[in-house]
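Visitor: sequence plus the predicted model coming up.
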Amino acid sequence: MNKTLLIVIIAGLLLAGVFVLSKNQSTVGPSTQTEQTTDQDNGDDVEEKDEVMEKEDKAEEKEDEAMEEAEDESERTVVSVTDTGFEPQTVTVKVGTKVVWRNKTNATVNVSSAKHPTHLEYPPLNLANFEPGETISLVFTEAGTYKYHDHLNPSKFGTVVVE
């Protein structure tokens, strides 16, 4: 009897866990789903996609402005990764500053230290891939000049000067 009760409880917990996980996954990323499905529909949906993208761009601009205003307080600097490269291409920061890279392209980006392809100049700067709309960051704890590039598109490069 105790064994049967234990099995029923475990099965119930597993089912509840699956339900919770599936519910969480269905609520993640609705704007991505909208963008993917609207490309396959008629022209009206493309206009809706453009409106959604404009709203997202405006939200990102407001967030960028807020982050820039807070730089003095939180010691944070934002570098945008765009289709043309890193903006700004060179930043000068104090020791202890967090540099945040924001992917504003439509492709995966990988910030890595110089020199391509070995990335040996400053290994902590060999950051992971990050997708469009995502950010990745590093706190610089030592003074120096750190050159980096997008490993997936090595023609894009930048420099962090830490004083």
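Guide: Structure received.

Visitor: what's residue 7 sitting at in phi/psi?
Guide: phi -60, psi -40 (degrees, to the nearest 10).

Visitor: need the pLDDT of it.
Guide: We have a pLDDT of 80 for residue 7.

Visitor: quickly note the distance from it to residue 86.
Guide: Per C-beta to C-beta, to the nearest Å, residue 7 is found 57 Å from residue 86. Any C-beta I mention is one placed from the backbone N, CA and C, and that applies to glycine too.

Visitor: make sure I have this right: residue 121 is in a strand.
Guide: No - looking at residue 121 with DSSP: H, G, I helix; E, B strand; the rest coil, it is coil, so not inside a strand.

Visitor: count of neighbours near it?
Guide: Using other C-beta atoms under 10 Å, residue 121 has 16 other residues around it.

Visitor: does it really touch residue 112, like I thought?
Guide: No - using C-beta atoms under 8 Å as the test, residue 121 is too far from residue 112 to be in contact (9.7 Å).

Visitor: so residue 106 touches residue 131, yeah?
Guide: No - here residue 106 lies out of contact with residue 131, judged by C-beta under 8 Å, at a distance of 9.8 Å.

Visitor: name the residue in the two with the higher neighbour count.
Guide: Of the pair residue 106 and residue 131, residue 131 is the one with more neighbours under other C-beta under 10 Å, namely 12 against 9.

Visitor: got the contact list for the closest residue to residue 139 other than its chain neighbours?
Guide: Leaving aside its sequence neighbours, residue 139 sits nearest to residue 98 (C-beta to C-beta, 6 or more residues apart in numbering; 4.7 Å). By C-beta atoms under 8 Å, 6 or more residues apart in numbering, the residues touching residue 98 are 74, 75, 76, 77, 137, 138, 139, 140.

Visitor: with that, I have no additional questions.
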